[in-house]
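S.K.: Fold the stuff below for me.
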Amino acid sequence: MNQAISILVMVGGGLGTFLLGMKHLSEGLQAVSGSGLPRRCE
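M.R.: Now for the predicted structure:
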């Protein structure tokens, strides 16, 4: 049981880190491209 909780925490942490990195990457690419790429509002 303890091992399952540990795995879930590790997977959740990895997923959170991945999503945060994708957010920062997207913001960085938009800042670098300036008005070269259209920004979609959803």
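S.K.: What distance do you get for the residue nearest the centre of the chain to V11?
M.R.: By CA atoms, centre = their mean, the mean C-alpha position of the chain lies nearest to L19, the distance being 1.8 Å. Distance from L19 to V11, counting by CB to CB, to the nearest Å: 13 Å. The C-beta positions use only the backbone N, C-alpha and C, and glycine is treated the same way.
S.K.: Assign C41 to helix, strand or coil.
M.R.: coil (DSSP: H, G, I helix; E, B strand; the rest coil).
S.K.: From I7, how far off is it?
M.R.: According to CB to CB, C41 and I7 sit 38 Å apart.
S.K.: which of the two has more neighbours?
M.R.: Set C41 next to I7 and count neighbours by other CB atoms under 10 Å: I7 wins out with 10 against 4.
S.K.: how about the more buried one, phi and psi?
M.R.: With angles defined as degrees, to the nearest 10, I7 sits at phi -70, psi -40.
S.K.: can you list the weak-confidence ranges in this structure?
M.R.: Of all residues in the chain, those with pLDDT under 70 make up the ranges 35-39, 42.
S.K.: Show me the helices in it, by range?
M.R.: Along the chain, counting by DSSP state H, helices occupy 2-33.
S.K.: Give me the distance from stretch 3-17 to the chain's centre.
M.R.: With CA atoms, centre = their mean, to the nearest Å as the basis, stretch 3-17 stands 15 Å off its chain's centre.
S.K.: ditto for stretch 6-21
M.R.: A distance of 10 Å separates the C-alpha centroid of stretch 6-21 from that of its chain, computed with CA atoms, centre = their mean.
S.K.: From S26, how far out is the residue nearest to the centre of the chain?
M.R.: For L19, the distance to S26 - CB to CB - is 11 Å.
S.K.: ok, now G12?
M.R.: Counting by CB to CB - G12 and S26 are separated by 21 Å.
S.K.: got it, and L20?
M.R.: 11 Å.
S.K.: cool, and C41?
M.R.: C41 is 14 Å from S26, by CB to CB.
S.K.: again, but for L8
M.R.: From L8 to S26 the distance is 27 Å (CB to CB).
S.K.: Pull the number of nearby residues for V11.
M.R.: Per other CB under 10 Å, the neighbour tally for V11 reads 10.
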